[in-house]
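Engineer: Following is a predicted model, sequence given first.
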Amino acid sequence: MERKTKIAVDLDGTISEYPEFFKLFTKAMSQAGCRIYILTDRPPGTEEMVAEQLQSYGITYDVMKITSEKSDYILKEGIGVLFDDVDQYFLDLPAEVAVFKIRQKYNFDFAKKKWI
């Protein structure tokens, strides 16, 4: 089966905050033919620890990439969808890349009901 849509999902502040949702989401999207990328800005050399964490959450994925240059990687790989909680990773992405920003206490003022 040819996989067409490429979806990138951040780990910290995204999967780690909503593991049950992303467990179901990544499984469903993979079964639908999407290619799932896990992108994280963890220190180099932590791939095994990241893989173990993803396994503990039950996350389905095709590629796990540790990088601080998420925008560059997304463009290079032709990824069309990103889930992340930190603006710096998607500000330089073109309009063709759908971005889903995850609300957290550090990026959203829940009392004032607005993004920080």
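Structural biologist: Perfect, I can see it now. Because the structure is a prediction, the values reported are computed rather than measured. Numbering: from 1, shown residues only.
Engineer: Any figure for the gap between residue 19 and residue 76?
Structural biologist: 28 Å (Cβ to Cβ, to the nearest Å). No exception for glycine: its C-beta is placed from N, CA and C like everyone else's.
Engineer: do the same with residue 25
Structural biologist: Note on residue 25: its distance to residue 76, by Cβ to Cβ, is 24 Å.
Engineer: follow-up on the earlier one: in terms of neighbours, single out the busier of residue 19 and residue 76.
Structural biologist: A direct count of neighbours by other Cβ atoms under 10 Å for residue 19 and residue 76 places residue 19 higher, at 16 against 9.
Engineer: what's the spacing between stretch 42-56 and its chain's center?
Structural biologist: 14 Å (Cα atoms, centre = their mean, to the nearest Å).
Engineer: Tell me which residues of it come out buried.
Structural biologist: Buried positions in stretch 42-56, judged by neighbour count with 16 or more other Cβ atoms under 10 Å: 50, 53, 54.
Engineer: Contacts made by that stretch with the rest, please.
Structural biologist: With Cβ atoms under 8 Å, 6 or more residues apart in numbering as the test, stretch 42-56 has contacts from 11, 12, 15, 16, 38, 40, 61, 64, 66.
Engineer: Go through these and say which is closest to residue 115.
Structural biologist: Each of those was scored against residue 115 by Cβ to Cβ, and residue 12 proved nearest at 19.0 Å.
Engineer: and the residue nearest to that closest one when sequence neighbours are not counted, backbone torsions?
Structural biologist: Distance criterion Cβ to Cβ, 6 or more residues apart in numbering; nearest residue to residue 12, sequence neighbours excluded, is residue 40 at 6.3 Å. Phi and psi for residue 40, reported as degrees, to the nearest 10, are phi -140, psi 150.
Engineer: Where do the helices of the protein begin and end?
Structural biologist: For the chain, the helices defined by DSSP state H cover 19-31, 47-57, 70-77.
Engineer: Just send these back as a markdown table, with distance to residue 84 and mean pLDDT too.
Structural biologist: Shown next, in a markdown table, are the helices of the chain (distance: least, Cβ to Cβ, whole Å; pLDDT from 0 to 100):
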| stretch | distance to residue 84 | mean pLDDT |
| --- | --- | --- |
| helix 19-31 | 12 | 98 |
| helix 47-57 | 16 | 97 |
| helix 70-77 | 7 | 97 |
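Engineer: That'll do, ta.
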